[in-house]
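>>> Sequence and computational prediction follow.
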Amino acid sequence: MRKGMVAVVLMAALLGISLLLLAQEPVESILKGAPTVDQYPGMEGVYMLDEVTETLPAQGTSTFVIRDRVCLLTQEGVKDYGEVQIPYDKDSSELHLDYARTITPDGKVVIPDDSAINEVTLPAVQDAPMYSSIKLYTISMPALEPGAIIDYQITIKDTEATASDENWDFSRTWYFAGGLPVQTSHYVVNLPKEAPITWQVKGMDLSPSVQTDSDSVTYTFLKNDIPAIGYEPYMPDLDALSPFAVVTTFGSWDDIAAWYNDLSADRAQTDSDIVAKVHDLTDGIQTPSEKISAIYDFVARKVRYVALEFGLGGYQPHEAAKTFANRYGDCKDQATLLITMLRAAGFDSYPFLLHEGAGTDVDFTLPPTVGAFNHCIAVVRQGDKWLFLDPTYDIGTSSYLPFGDQARHGLLVLGDTDQPGLMLETDPFVPEDTYVESETHATISPEGDLEATAKIETGGDDDLWYRSLFLSYRPKERENLFGQILAAVIPRAELTALDYSDLDDTHVPVTVSQAFKKEGFAQKAGKMFLFPAPYPAQLPFPAFYSDAVGQKARTYPLMTTPERVEVKTWIMLPAGMSVQLPDDTDVTNEVASFSSHYSFDNGEILAARIFQVNTDEIAPEDYPLYKGVIGAMIEDANAMIVAKPGS
């Protein structure tokens, strides 16, 4: 036996990997089953194999083996899928590349050289040493072209041994579908025979095969020929649309709450610095809501949020004192610090686990899994109610829960022996709380030129949107930004002035004042003027929604933001003119509404428009209703007012 083979066998023994998994399928066999462009028209590539094998022994270390095989069908596929990227935590696991190769269309095998394999720090944590152990393992696959096949296997082994007691604490969610078609989706989990296993498949008719031996049981989920999830604008996240399998050893959601409490309870401990800071923040403040606000503002604004996926780097938060000293943390670290400081101020506060994402939510009818959650916030008891606080929004306030956290089911981690957790739903959507209101006063000269001033007020998530938009540009660039918005609303109009409220004061909603003009705004037809009632430079404006309704029909739900946009425009005409106003509009249904009303008094026109969205998710069958509302709003925005001399 050659030394190379001995090394492979020895490595397999050390990692607990069977030689079967390490064996590479013959190239001829792979090419024989390779997909073609004709079989998958319009697809950038195809997953020939998407496989994970997990092993959790009764004692020892668990392993997670990834085996993927992707056939690239187009040059876009080469760009999008030519880089293998695997995140992992070096402190808790070891990663080993079992093999990686490119199989060219003519059957050649090209192995990536050492320079193509790198371990890098995730961009999100480059300035956050607390997470320096989180790495991204990358392989730049060689010799890629349409028709080439990427084939690799990677093993990740936990460095901590599995507990020998019966608290297995295992759960996994396996998603079968994604952005590419999958020829074979294969998930295998091997656990001790005595581990209490619960499983469920949702979205497809599938049961696992079960194989039992003397000390373990293996569940195999196998599904072939899974179509790709297509793309549509404003669609739900892929996880919300994919069929999936859940496998867990947790017996109840209370078990999940108890598990997270065990991880986090001792991390919410004060020290003298935290106590002193809480005193400084709340000294002289009398009302509970103001104290909560002061503490929230500190954590949200002074502790930098590190956007790490929940669970990457472990589920245990860092000690509150460490997060306080470092002034940065991920969602669970920020939540833990906020909880600690609120408790130091005399409040009952707890962690709350939920799932953020378009079209996703925690489904408590499924078997309990840790993967059901991807976000952690804080909750404060206020009498018989709960106040939800998300400190990851550094421009938010304690009085408003952002849209991404609204109407979400989640798990309140109480930590009590009798009641470890409590299933709650966060604050509901209230469209009127997220709003843009504008008032424009315009004058049209005898020559048909337009001069106008406008004031815009915002609230809720639209306030967050405007504030974030302003802060993402330098002060001198903001006028250019609103000039571009104005040009989209009124082509060739000129923004002549722009002012806005204090962006640093998050407790005062963003307001914007502006002035603009346009020569020749009104079209002339003899002595008549024709012109629409102008919108100011504001977001959103009617055509802003056009890309959401560009399809005849939809396959997937349309994700929206419940909000209300109210626009009032006064237009002063030259003396002695009469008008023919557009017809009023009123289109109302269960998903959205739009209305417009025009009036004329003492030489001045008033155009009042109101647009409202009532839901965050519009089903495909309700898409025509939404499309009808948007169409009515765009048609009204282009409706012409006719002004002419005389009565």
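Looks like it arrived, so ask away.
>>> the bottom helix or strand of the protein by mean pLDDT?
When the helices and strands of the chain are scored by mean pLDDT, DSSP states H and E, helix 3-15 comes last with a mean of 33.
>>> where along the stretch 201-350 of the chain do the strands fall?
With DSSP state E, counting those that start in this stretch applied, the stretch 201-350 of the chain shows strands at 209-212, 216-226, 244-248, 304-305, 328-329, 349-354, listed in chain order.
>>> With respect to Met141, which of the ones you listed lies nearest?
Among those, strand 216-226 comes nearest to Met141, with 23.1 Å by CB to CB. (Each C-beta comes from the backbone N, C-alpha and C, glycine too.)
>>> and that closest one, which strands flank it?
Strand 216-226 pairs in its sheet with strand 182-192 (antiparallel), strand 209-212 (antiparallel), by DSSP bridges.
>>> Reformat the ones you listed as CSV; add distance to Leu281, mean pLDDT and mean neighbour count.
Shown next, in CSV, are the strands paired with strand 216-226 (distance: least, CB to CB, whole Å; pLDDT from 0 to 100; neighbours: other CB atoms under 10 Å):
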stretch, distance to Leu281, mean pLDDT, mean neighbour count
strand 182-192, 48, 97, 20
strand 209-212, 56, 96, 10
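>>> before we move on, the earlier item: most tightly packed of the strands of the stretch 201-350 of the chain?
strand 349-354 (a mean of 26; mean count of other CB atoms under 10 Å).
>>> the helices in the stretch 301-450 of the chain, which residues?
Ranges of helices within the stretch 301-450 of the chain are 320-326, 331-344, based on DSSP state H, counting those that start in this stretch.
>>> Phe594 is in contact with Met633, isn't it?
Yes: the criterion here is CB atoms under 8 Å, and Phe594 meets it with Met633 at 4.5 Å.
>>> between these two, what contacts are shared?
Common neighbours of Phe594 and Met633 are listed as Arg609, Phe611 (criterion: CB atoms under 8 Å, 6 or more residues apart in numbering).
>>> residues in contact with the closest residue to Val565 other than its chain neighbours?
Nearest residue to Val565, sequence neighbours excluded (CB to CB, 6 or more residues apart in numbering): Phe611, at 4.5 Å. Neighbouring residues of Phe611 by CB under 8 Å, 6+ apart: Arg564, Val565, Glu566, Ala592, Ser593, Phe594, Val629, Met633.
>>> again, only this time at 7 Å
Neighbouring residues of Phe611 by CB atoms under 7 Å, 6 or more residues apart in numbering: Val565, Phe594, Met633.
>>> doesn't Val549 make contact with Pro233?
No: with contact defined as CB atoms under 7 Å, Pro233 and Val549 do not form a contacting pair (9.2 Å).
>>> Looking at those two, which is more packed in?
The neighbour count for Pro233 versus Val549, taken as other CB atoms under 10 Å, is higher for Val549 (20 against 13).
>>> gap between the nearest residue to Tyr400 once chain neighbours are set aside and Tyr466?
In space, and not counting its chain neighbours, Tyr400 is closest to Gly460: 6.3 Å by CB to CB, 6+ apart. For Gly460, the distance to Tyr466 (CB to CB, to the nearest Å) stands at 11 Å.
>>> Between the two ends of stretch 114-125, how far is it?
Stretch 114-125 has its terminal residues 25 Å apart, counting by CA to CA, to the nearest Å.
>>> buried ones in it?
Neighbour counts over stretch 114-125 (16 or more other CB atoms under 10 Å) mark Leu122, Ala124, Val125 as buried.
>>> Over to stretch 445-455?
Buried residues in stretch 445-455, defined by neighbour count with 16+ other CB under 10 Å: Gly448, Leu450, Glu451, Ala452, Thr453, Ala454.
>>> Same list as before, those that is, but in TSV and with distance to Ala543 and pLDDT included.
Formatted as TSV, the buried residues of stretch 445-455 follow (distance: CB to CB, whole Å; pLDDT from 0 to 100):
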residue	distance to Ala543	pLDDT
Gly448	23	97
Leu450	18	98
Glu451	23	98
Ala452	19	98
Thr453	22	98
Ala454	18	98
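>>> closest to Pro542 among those?
For the buried residues of stretch 445-455, the nearest to Pro542 is Ala454 (15.7 Å; CB to CB).
>>> Not counting the helix or strand where the closest one lies itself, show me its contacts.
Element membership for Ala454, per DSSP states H and E: strand 450-459. Contacts of strand 450-459 with the rest of the structure, by CB under 7 Å, 6+ apart, involve 433-444, 466, 509-518, 521, 534, 536, 538.
>>> Show me the strands in the stretch 51-200 of the chain, by range?
Secondary structure of the stretch 51-200 of the chain (DSSP E, counting those that start in this stretch): strands located at 63-72, 83-89, 93-103, 109-110, 117-121, 134-140, 149-158, 171-175, 182-192, 198-202.
>>> So what's the model's average confidence on the fourth one?
If I follow you right, that is strand 109-110. Averaging pLDDT along strand 109-110 gives 98.
>>> Partner strands of it, with direction?
Assessed with DSSP bridges, strand 109-110 is paired to strand 93-103 (antiparallel).
>>> count of residues packed around the closest residue to Pro227 other than its chain neighbours?
Excluding the flanking residues, the one nearest Pro227 by CB to CB, 6+ apart is Pro181, at 5.7 Å. When neighbours are defined as other CB under 10 Å, Pro181 has 21 of them.
>>> What of Tyr435?
19.
>>> so it makes contact with Pro562?
No: contact criterion CB under 7 Å: Tyr435 and Pro562 do not qualify, at 10.3 Å.
>>> check contacts around the residue nearest the centre of the chain.
In the chain, the centroid-proximal residue (CA atoms, centre = their mean) is Gly357; its distance is 4.3 Å. The neighbourhood of Gly357, defined by CB under 7 Å, 6+ apart, consists of Asp237, Asp239, Ala240, Asn374.
>>> measure it to Arg408 for me?
10 Å.
>>> Torsion angles phi and psi at Pro368?
For Pro368, the backbone dihedrals (degrees, to the nearest 10) come out as phi -70, psi 130.
>>> what residues are up against it?
Thr248, Phe250, Ser252, Trp253, Asp255, Ile256.
>>> So the last one sits against Pro367, correct?
Going back to what we said before, that points to Ile256. No: contact criterion CB under 7 Å: Ile256 and Pro367 do not qualify, at 10.5 Å.
>>> Have a look at those two and say which one is more surrounded.
Shown here are Ile256 and Pro367; by other CB under 10 Å, Ile256 has more neighbours (24 against 20).
>>> Can you give me the pLDDT of the more buried one?
For Ile256, pLDDT reads 97.
>>> Not counting residues beside it along the chain, what's closest to it?
Leaving aside its chain neighbours, Ile256 sits nearest to Pro368 (5.0 Å; criterion: CB to CB, 6+ apart).
>>> Please apply the same query to His375.
Counting by CB to CB, 6+ apart, His375 lies nearest to Glu356, which is 4.7 Å off, once chain neighbours are set aside.
>>> before we move on, what about Ala487?
In space, Ala487 is closest to Ala493, 6.5 Å off (CB to CB, 6+ apart).
>>> shared neighbours of Ile256 and Pro367, anything?
What both Ile256 and Pro367 touch, as defined by CB under 7 Å, 6+ apart, is an empty set.
>>> Domains in the chain, by residue range?
3-249, 256-425, 431-645 (automatic domain parsing).
>>> can you tell me how far Phe531 sits from Ser599?
According to CB to CB, Phe531 and Ser599 sit 16 Å apart.
>>> out of the two, which sits in the busier spot?
Between Phe531 and Ser599, counted using other CB under 10 Å, Phe531 has the larger neighbour count: 22 against 12.
>>> Look up the closest residue to the more buried one, ignoring the ones flanking it.
Ala522 (4.1 Å).
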